[in-house]
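K.L.:
sharing a model that was predicted from the sequence below.
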Amino acid sequence: QVQLVESGGGLVQAGDSLRLSCTTSGRTFTNYTMAWFRQAPGKEREFVAGINWDFFTDYADSVKGRFTINRDNAQNMAHLAMNSLKSEDTAVYYCAAASARWATAGRTPDDYGAWGQGTQVTVSS
């Protein structure tokens, strides 16, 4: 079972940038579909961005144009660069992995079998 560890969260002001990282322990990282989800207090976990084995990316409408997901197959890592942060981006951000070579990244939590512990992102207005 692949293990995921997120890092890079923190407290920032609106308009600032953050870069989240997800380190994985999987030996076949190149076959994984990776994604970022987030969960704000009192809300359901929601899809933020995903990247498949072939570097195809997908984004939630709320972050499109501001966030960028990428993967480093040499380092077995995925990253989420977040720019122009807004107060509504405040949430716990989770890295997720699916051992599947999908054509596109899944957008629901049930698509992913491995999760990190989450990292808090707080954006003050």
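P.N.:
All right, it came through fine.
K.L.:
and the residue nearest the centre of the chain, what helix or strand is that in?
P.N.:
By C-alpha atoms, centre = their mean, the mean C-alpha position of the chain lies nearest to residue 36, the distance being 2.1 Å. Element membership of residue 36 [criterion: DSSP states H and E] is strand 33-39.
K.L.:
residue 13 reaches residue 123, doesn't it?
P.N.:
Yes - here residue 13 lies in contact with residue 123, judged by C-beta atoms under 8 Å, at a distance of 7.1 Å. C-beta coordinates here come from the backbone N, C-alpha and C atoms, glycine included.
K.L.:
who has more neighbours, those two?
P.N.:
Higher neighbour count among residue 13 and residue 123: residue 123, with 20 against 11, using other C-beta atoms under 10 Å.
K.L.:
skip the chain neighbours and tell me the closest residue to the more buried one.
P.N.:
residue 85 (4.6 Å; C-beta to C-beta, 6 or more residues apart in numbering).
K.L.:
what number of residues lie near the closest residue to residue 101 other than its chain neighbours?
P.N.:
The spatially closest residue to residue 101, leaving aside those adjacent along the chain, is residue 53, at 4.7 Å (C-beta to C-beta, 6+ apart). Here the count is done by other C-beta under 10 Å, and residue 53 has 20 residues near it.
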